[in-house]
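Peer 1: Whatever this is, show me its structure:
(chains A and B)
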Amino acid sequence: MDPDKDNANPTILNPSDLPSRRRESSVKKREDGGVGLFDDLIPAYTYLNDPFDLPASSSDSDSDSVEDIDAQEIYDLISSISDPEHPLSLGSLAVVNLPDIRILPPTSAGSPISTVVVEITPTITHCSLATVIGLGVRVRLEQALPPRFRVDVRIKKGTHSTDEAVNKQLGDKERVAAALENGTLMGVLRKMLSTCE
Amino acid sequence: MPPPQPTLSPALTLHRLATLQPTCTSRTWQSVPHPHLPIIATAVSDRTVRVYSLTNFSLLHTISGGHKRSVRAVSWKPHSQGQSVLATGSFDASAGVWRRWERGGGDVEKDFTRESGGDDGDDGGDEEDDDYNFSCILDGHESEIKSLAWNNMSGSLLATCSRDKSIWIWEELEEDNFETVAVLQEHEADVKCVAWHTAEDLLASASYDDTIRLWKEDVDDWVQVALLAGHEKTVWWVEFEGAGLKNVSEGGGGGDGAVGEEGEVGRKEFLERRKLAGPRLVSSSDDCTVRIWRRIPKENQHSSGAGSVPSILRSHSVEEEWVQETILPQRHDRAIYSVSWSRKTGMIVSAGSDGRIVVYQERWRKEVANGVDETLVPADELARDGKKNSEEAAARSKEESASLTEWVVVAEIEGAHDVFEINHVCWARRCDKGKRSDDEEVIISTGDDGEVKVWTLDEQSNNGP
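Peer 2: Okay, the predicted model is just below:
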């Protein structure tokens, strides 16, 4: 294997094990029905991540047309991003995982702002590309989601040696904006995102 | 801990007076009003600066062709005579200086010497005289410039700060001839914002390292004179209070300022102490707080009253002692990118990622419990390298400033830039025809949506103009 890579032998998930709505919708079942093929495969995921089940959300948000994006959609947007050093997707490397995606509703009645929180799991604890991967996720979501969503990308606690430092960088709007004006970095990001859609 | 939050309902309403036209198609970072003309400059991520009229809210000039990346910050040079001088700071790591001769106000002095100063492409005929001409470039920073500011006193010092962790102070010796007088490198991470004191050459800086630092010239060297720790995350903005004391507002709702003779004396002494300390500093942070910091005047350090332990002598030291005076009522739930202190009314406005604009006013407290404001935390106590006796400092600050005032939210608006983040907010003199007095101020907000909006503060009952 390539000795230059941070993690030359990553664990790779079988594509059929990845959470997906496509198969679920093909059997015409809603996620709230809880009987889709998808639920059988990964039952815990929908339960833990249904944004409408979050205690903070209002009881009848099911009918709230504004809150029409769920964790699965977020997952679909970012799982197809390519890893910067492997020809594999972040989903198949389990860098992004459905249970680590949360959608937080507006904090006050008058606020139009929802927040998407994505926790990423770097393939190994000292992965130097964690920041780039996080940036890719943030950029992908900022481009794909309506602007009323704030995107918070973090390293999952305990999975990276410098997670706090990386989190701070990923949360800094000004640093992210400047990074996107850096041609070299944008080249890397463009390649990562080229496998989306 | 946040101070107990007065639950008065906002007394004023923010009304949108105008959106500057045309708007930009990309993120706008900051808008700064001219020191004396009714115009405002906006830093835009499309590498340009837009100059808009505050009289009719339309675009006057687009300054382009200078920077290779986003323009992040702008600053007008104060006290400039006969010309407008604008400094621009960019993600391309350079700062630019631009000049335009002012027309209308007196005869325009045709000074051809400026043509000799480092202009590239002298295709300028008479037409060009109406534009902002590139004057010079300040190179030195290694990465993005985040903020820059001319000093208020002489207007000849320009401070710039960068992700490279440094602050540079440039002195304009003569037109277009700048000399680096200091490179300050104590911050441990990106320096987000620099701001000058309004009555002396004291510089404040805010950083990604969560601290605020103050800087001053000691004999010939610029040195750090204070470290203000307290914020728990990146400090995005700092700004000093205007020079000269503002009246503290009487609390709303019936009190009629009936404080009695004793109260009056207390207030008088309180204002005396405040005058001695000079303008305060306000800061805003990713930790969702707005904090006010106050200087402990030197005189008091040496002649402090009975019972105080003699302090360690720091004679001839330029070091200053600053304490956190209070945390404003917490109304933001995401990073607060900008805060501004009105030099006319003493009100404070804040805005940030959550899209809210919040206006605060300082009032006399109704009653003072035990005469001590528990929110007073000496900055030194929290300072990482602070070695001073914090107990002593705490005692002193309590003794001196049992706060007779409190801050209340007087106006608030949600989604001021629709769903977009607000990068900057500031006060400006109202200049359009509808102004209700010469003193009236407007609030200017600058957002990710490329829009710069002008807001008036109206009495609740009034539906605005």
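Peer 1: For the rest of this, base every contact and every neighbour count on C-alpha atoms.
Peer 2: Noted.
Peer 1: Enumerate the residues of chain A near chain B.
Peer 2: A:107, A:110-113, A:147-148, A:178, A:181 (Cα under 8 Å from any Cα of the partner chain).
Peer 1: which two in those are spaced the farthest apart?
Peer 2: Greatest spatial distance in the residues of chain A next to chain B: A:Gly110 and A:Glu181, 34.1 Å, computed using Cα to Cα.
Peer 1: Of the residues of chain A next to chain B, just the buried ones, PyMOL syntax please.
Peer 2: Selection of buried members from the residues of chain A next to chain B for PyMOL, criterion 16 or more other Cα atoms under 10 Å in any protein chain shown:
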select buried, chain A and resi 107+111+112+113+147+148+178+181
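Peer 1: Which one of the residues of chain A next to chain B is nearest to chain B?
Peer 2: Nearest to chain B among these: A:Arg148, at 4.9 Å, using Cα to the nearest Cα.
Peer 1: Hmm, the closest one is touching B:Val419, no?
Peer 2: Yes: if you go by Cα atoms under 8 Å, A:Arg148 and B:Val419 touch, sitting 4.9 Å apart.
Peer 1: Now for these two: what residues contact both?
Peer 2: A:112-113 (Cα atoms under 8 Å, 6 or more residues apart in numbering or on different chains).
Peer 1: any idea where the helices of the stretch 301-450 of chain B begin and end?
Peer 2: Using DSSP state H, counting those that start in this stretch, the helices found in the stretch 301-450 of chain B span residues B:379-382, B:390-401.
Peer 1: If you average pLDDT over each of those helices, which is lowest?
Peer 2: Among the helices of the stretch 301-450 of chain B, helix B:379-382 has the lowest mean pLDDT, at a mean of 46.
Peer 1: For the closest residue to A:Asp100 other than its chain neighbours, name its beta-bridge partners.
Peer 2: Among residues not flanking A:Asp100 along the chain, A:Glu119 sits closest, at 5.2 Å (Cα to Cα, 6 or more residues apart in numbering or on different chains). A:Glu119 has these beta-bridge partners by DSSP bridges: A:Arg154.
Peer 1: Okay, A:Glu119 and B:Arg334: tell me how far apart.
Peer 2: 18 Å (Cα to Cα, to the nearest Å).
Peer 1: Equivalent analysis for A:Ser89, please.
Peer 2: Taking Cα to Cα, one finds A:Ser89 at 31 Å from B:Arg334.
Peer 1: can you check B:Ala195 too?
Peer 2: 23 Å.
Peer 1: now do A:Leu141
Peer 2: When A:Leu141 is compared with B:Arg334 (using Cα to Cα), they lie 18 Å apart.
Peer 1: so where's chain A shaky on pLDDT?
Peer 2: A:1-6, A:8, A:21-67 (pLDDT under 70).
Peer 1: which residue ranges form the strands in it?
Peer 2: A:101-104, A:114-120, A:149-155 (DSSP state E).
Peer 1: and the residue of the stretch 1-150 of chain B nearest chain A?
Peer 2: Closest point on the stretch 1-150 of chain B to chain A, by Cα to the nearest Cα, is B:Phe91, at 6.5 Å.
Peer 1: Give me the number of neighbouring residues for B:Gly434.
Peer 2: As a burial measure, B:Gly434 scores 10 neighbours (other Cα atoms under 10 Å in any protein chain shown).
Peer 1: What confidence value was assigned to it?
Peer 2: Per the predicted model, pLDDT is 95 at B:Gly434.
Peer 1: cool, and the one 3 residues further on?
Peer 2: Looking at B:Ser437, its pLDDT is 94.
Peer 1: do the one 5 residues further on as well
Peer 2: As summarised for this prediction, B:Val442 has a pLDDT of 98.
Peer 1: how close does it sit to chain A?
Peer 2: 24 Å (Cα to the nearest Cα, to the nearest Å).
Peer 1: pretty sure that residue contacts B:Leu457?
Peer 2: Yes: counting by Cα under 8 Å, B:Val442 touches B:Leu457, with 7.1 Å between them.
Peer 1: so how far is the longest helix along chain A off the chain centroid?
Peer 2: When chain A is scanned for its longest helix (criterion: DSSP state H), the result is helix A:130-144. From the chain centre to the centre of helix A:130-144 is a distance of 9 Å (Cα atoms, centre = their mean, to the nearest Å).
Peer 1: Just the residues contacting it, thanks.
Peer 2: Contacts of helix A:130-144 (Cα under 8 Å, 6+ apart): A:74, A:77-78, A:81, A:83-84, A:120, A:122, A:149-155, A:166, A:169-170, A:176, A:189, A:192-193.
Peer 1: Could you check that helix and say which residues are buried?
Peer 2: By 16+ other Cα under 10 Å, the buried positions in helix A:130-144 come out as A:130-141.
Peer 1: Around chain A, which positions in chain B sit nearby?
Peer 2: Counting by Cα under 8 Å from any Cα, chain B sits next to chain A at B:69, B:91, B:144, B:333, B:354, B:414-415, B:419-420.
Peer 1: Which stretches in chain A count as helices?
Peer 2: With DSSP H as the criterion, chain A has helices spanning A:22-26, A:37-41, A:43-49, A:71-79, A:130-144, A:163-170, A:173-179, A:183-193.
Peer 1: Which of the ones you listed sits closest to A:Thr11?
Peer 2: Once the helices of chain A are compared by Cα to Cα, helix A:71-79 is nearest, at 15.2 Å.
Peer 1: tell me the secondary structure for B:Glu269?
Peer 2: helix (DSSP: H, G, I helix; E, B strand; the rest coil).
Peer 1: so what's it scoring on pLDDT?
Peer 2: The per-residue pLDDT of B:Glu269 was computed as 90.
Peer 1: What number of residues are in the vicinity of it?
Peer 2: Count around B:Glu269 with other Cα under 10 Å applied: 14.
Peer 1: ditto for B:Gly260
Peer 2: 9.
Peer 1: Got the phi and psi for it?
Peer 2: Backbone torsions of B:Gly260, given as degrees, to the nearest 10, read phi 80, psi 170.
Peer 1: likewise the one 3 residues further on?
Peer 2: In this entry, B:Gly263 is assigned phi and psi values of phi -60, psi -40 (degrees, to the nearest 10).
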